[in-house]
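A.B. asks: Attaching a predicted model along with its sequence, questions to come.
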Amino acid sequence: TITNPKTHHPNTTLSTSIITRTRTMKDSKDEPIVEALAEPLVPADGGEKLGYQVPTGEWKDGLCGCCGHGVGHPSLWNAWCCPLVLVGQINNRLKLTWLGALGNVRVLLAISIVYYVINSTLSSINAATMKQASGNSAESVIETEENTPLGIASEVIQLIFGLFVFVLVCQTRAMIRDRYSIPAAACGGLEDCCCAFFCSCCTVAQMARHTADYDEYTGVCCSDTGLSPDAPEIV
């Protein structure tokens, strides 16, 4: 019975089976030898997968390491196109419940879809209405459409959605830093707010990379945790 320091969890015991194979050494006697090989480590009870231990003390990589796993990685595209979904996946990995049901990835996906549909619809109707009413050029319409009721409504919705994303990202990052003893490196006590305000996409992507082992397990765009089913839970 042994323990694996990289994936060891308190009160978890690991065992390994030894298998053998033979190969012939190219020496003067050409005598066969037996080489012992260890099979992958598994829990002694043969049951649950071992958990993933999130690094403590510092971030796994920098804020600008978004492309570290390639420009096509699901976490990068979620962070860029739909950051709320990635935040929900992070919440599920860490079992964060400060938002209750509102922090669920499916609820956040629904909020994102409703926002994009309503905002796009209002903007399109407003632009078409102004163009038809004024008969002016497109440039003139763009200059005046923001002062219409529909234009103002669209801006209010954008503001509310932006504030919601800001608070969600800021609070989630603060909780991750507190849980894993990661000190603020800049801006003092305002680091989380600054990161969430100036580059929420990079901030969400960094949190996703920190709470998952993308080198070992495949990222997934549409899953509750953003990881493949075989990925272990965080311990």
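C.D. replies: Sure, I can see it.
A.B. asks: Show me what the helix or strand containing Lys131 is packed up against.
C.D. replies: In this assignment (DSSP states H and E), Lys131 forms part of helix 105-134. In terms of contact count using 3 or more C-beta pairs under 8 Å, 6 or more residues apart in numbering; DSSP states H and E, helix 105-134 is assigned the packing partners helix 83-94, helix 138-144, helix 149-179. Heads up, the C-betas are built off the backbone N, CA and C, glycines and all.
A.B. asks: So which of those is the most surrounded?
C.D. replies: Most buried of the helices and strands packed on helix 105-134, by mean neighbour count (mean count of other C-beta atoms under 10 Å): helix 83-94, with a mean of 24.
A.B. asks: Okay, angle between it and helix 149-179 too, please.
C.D. replies: Angle between the axes of helix 83-94 and helix 149-179 is 30 degrees (criterion: axes from the mean of the first three to the mean of the last three C-alpha atoms, to 10 degrees).
A.B. asks: what comes into contact with helix 83-94?
C.D. replies: 75, 78-79, 96, 99, 103-109, 111-112, 165, 168-169, 172, 175-176, 179, 200-201, 204-205, 207-208, 211-212, 221, 223-227, 233-234 (C-beta atoms under 8 Å, 6 or more residues apart in numbering).
A.B. asks: so Cys125 touches Gly151, yeah?
C.D. replies: That one is not Cys; residue 125 is Ile. No: in this structure, Ile125 is not within contact of Gly151 by C-beta atoms under 8 Å, at 10.2 Å.
A.B. asks: and for the two, which residues touch both?
C.D. replies: By C-beta under 8 Å, 6+ apart, no residue touches both Ile125 and Gly151.
A.B. asks: Of the helices and strands packed on helix 105-134, which is nearest Gly68?
C.D. replies: With respect to Gly68, and counting by C-beta to C-beta, the nearest of the helices and strands packed on helix 105-134 is helix 83-94 at 15.4 Å.
A.B. asks: pLDDT on the closest one, on average?
C.D. replies: If you average the pLDDT over helix 83-94, you get 91.
A.B. asks: again, but for stretch 206-224
C.D. replies: 90.
A.B. asks: Please save the CA atoms from it in PDB.
C.D. replies: Extracted in PDB, the C-alpha atoms of stretch 206-224 (Å, rounded to 0.1, in the frame of the first residue of the first chain):
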ATOM      1  CA  GLN A 206      -7.800  32.200 -15.300                       C
ATOM      2  CA  MET A 207     -10.200  30.900 -12.600                       C
ATOM      3  CA  ALA A 208     -11.200  28.100 -14.900                       C
ATOM      4  CA  ARG A 209      -7.600  27.000 -15.600                       C
ATOM      5  CA  HIS A 210      -6.800  27.200 -11.900                       C
ATOM      6  CA  THR A 211      -9.600  24.900 -10.900                       C
ATOM      7  CA  ALA A 212      -9.100  22.200 -13.500                       C
ATOM      8  CA  ASP A 213      -6.400  20.100 -14.900                       C
ATOM      9  CA  TYR A 214      -6.700  20.700 -18.600                       C
ATOM     10  CA  ASP A 215      -3.500  18.900 -19.300                       C
ATOM     11  CA  GLU A 216      -5.000  15.600 -18.200                       C
ATOM     12  CA  TYR A 217      -8.700  16.100 -18.800                       C
ATOM     13  CA  THR A 218     -10.600  17.500 -21.800                       C
ATOM     14  CA  GLY A 219     -12.400  20.800 -21.500                       C
ATOM     15  CA  VAL A 220     -16.100  20.800 -22.600                       C
ATOM     16  CA  CYS A 221     -18.200  23.800 -23.600                       C
ATOM     17  CA  CYS A 222     -21.600  22.500 -22.500                       C
ATOM     18  CA  SER A 223     -21.400  20.500 -19.300                       C
ATOM     19  CA  ASP A 224     -22.100  21.400 -15.700                       C
END
